[in-house]
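>>> model this:
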Amino acid sequence: QLQVTDPSFLEQTFWQMVFCGLAWFPNEKWFVETGLENAVFSGNKEMRKRLLEIGSERFYTDIQFLREMYNYKLENRDAGGAAGVVNQMVQQYPDEPEPIYLGLKLSLLTIRKNSYRSFRKLAVAKSMPQDIIELLDVAFELFSHEPQEAANRISDFESEFPHLRYYATILRYAASDFSSEDEVRIRKAKKALLDSVDQYCLDRLGKK
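Numbers count the residues shown, from 1 in each chain. Okay, the predicted model is just below:
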């Protein structure tokens, strides 16, 4: 078995290979994708930012890159930047449901009713699955501090999709935490709800 006391040289070698590859094959997006995957996994913010800058110049029409840029903007609380990415995705991929969903998610996080309603109308027009739309409606009411409206929407969700009754039960538990006087509990409930809704919606849309 090979004993390595300082594995950092392997990471250095990896990045050297990535950037050499980009220099030799500037139009090969595989190097950016692989580098971004490693940067996200390892938490290397510097390399992630550097690769996103490269991607924004060379692969700005690629949906996978745009998805990563959107996530990066959200993580850095850059709502305007994330909105710009969504607009670009909607223009370049008008028949794809994912850009519309990302717009709904951003409207949810920023609690902008007009924006949410606009993307919701677009989602209906593009025949986005109704369970996704109604689930996001529940989340939006909770994030907007409308507990009674959220409760009504949960009941509607349960009635319309009886096979998702288990999820309605989870939503009610989350809703009760939103009404807590404990700010820490509320923050945890928001994160848990958002993570759950996001995973459900992306799975339904066939995205990772």
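>>> C-alpha from now on. contacts and neighbour counts both.
Fine.
>>> for Ile54, see how far away the residue nearest the centre of the chain is.
Centroid-nearest residue in the chain, with Cα atoms, centre = their mean: Asn71, separated by 5.7 Å. From Asn71 across to Ile54, the span is 16 Å (Cα to Cα, to the nearest Å).
>>> buried set for the helix or strand hosting the residue nearest to the centre of the chain?
Asn71 belongs to helix 63-75 when assigned by DSSP states H and E. Neighbour counts over helix 63-75 (16 or more other Cα atoms under 10 Å) mark 63, 65-74 as buried.
>>> now the two most distant members of the residues you listed.
Ile63 and Leu74 (16.4 Å; Cα to Cα).
>>> thinking again about what came up before, how close does the residue nearest to the centre of the chain get to Leu106?
Relative to Leu106, and taking Cα to Cα, Asn71 is found at 10 Å.
>>> shared neighbours of the two, which are they?
Counting by Cα atoms under 8 Å, 6 or more residues apart in numbering, the contacts common to Asn71 and Leu106 are Ala82.
>>> quick revisit: now the helix or strand just after the helix holding Asn71 against helix 63-75, angle please.
Next along the chain after helix 63-75, taking DSSP H and E as the criterion, comes helix 79-92. Using axes from the mean of the first three to the mean of the last three Cα atoms, to 10 degrees, the direction of helix 79-92 lies 160 degrees away from that of helix 63-75.
>>> now helix 79-92, how far from the centre of its chain.
In terms of Cα atoms, centre = their mean, to the nearest Å, the centre of helix 79-92 is set 13 Å apart from its chain centre.
>>> can I get the helix or strand following that helix in CSV? Just the C-alpha atoms.
Remark: after helix 79-92, the chain's next helix or strand is helix 97-110, criterion DSSP H and E. This file holds the C-alpha atoms of helix 97-110, laid out as CSV (Å, rounded to 0.1, in the frame of the first residue of the first chain):
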residue,chain,number,x,y,z
PRO,A,97,-39.3,23.6,-17.5
GLU,A,98,-36.2,24.0,-15.4
PRO,A,99,-35.6,27.7,-16.0
ILE,A,100,-39.2,28.4,-14.9
TYR,A,101,-38.8,26.3,-11.8
LEU,A,102,-35.6,28.2,-10.9
GLY,A,103,-37.5,31.4,-11.4
LEU,A,104,-40.2,30.2,-9.0
LYS,A,105,-37.6,29.1,-6.5
LEU,A,106,-35.9,32.5,-6.6
SER,A,107,-39.2,34.3,-6.2
LEU,A,108,-39.9,32.1,-3.2
LEU,A,109,-36.6,32.9,-1.6
THR,A,110,-37.0,36.7,-2.2
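>>> touching whichever helix or strand comes after helix 97-110 from outside, list them.
From helix 97-110 onward toward the C-terminus, using DSSP H and E, the following helix or strand is helix 113-125. Contacts of helix 113-125 with the rest of the structure, by Cα under 8 Å, 6+ apart, involve 97, 100-101, 103-104, 107-108, 130, 133.
>>> looking at the lengthiest helix in the chain now, give me its mean pLDDT.
In the chain, with assignment by DSSP state H, the single longest helix is helix 183-205. Average pLDDT, helix 183-205: 94.
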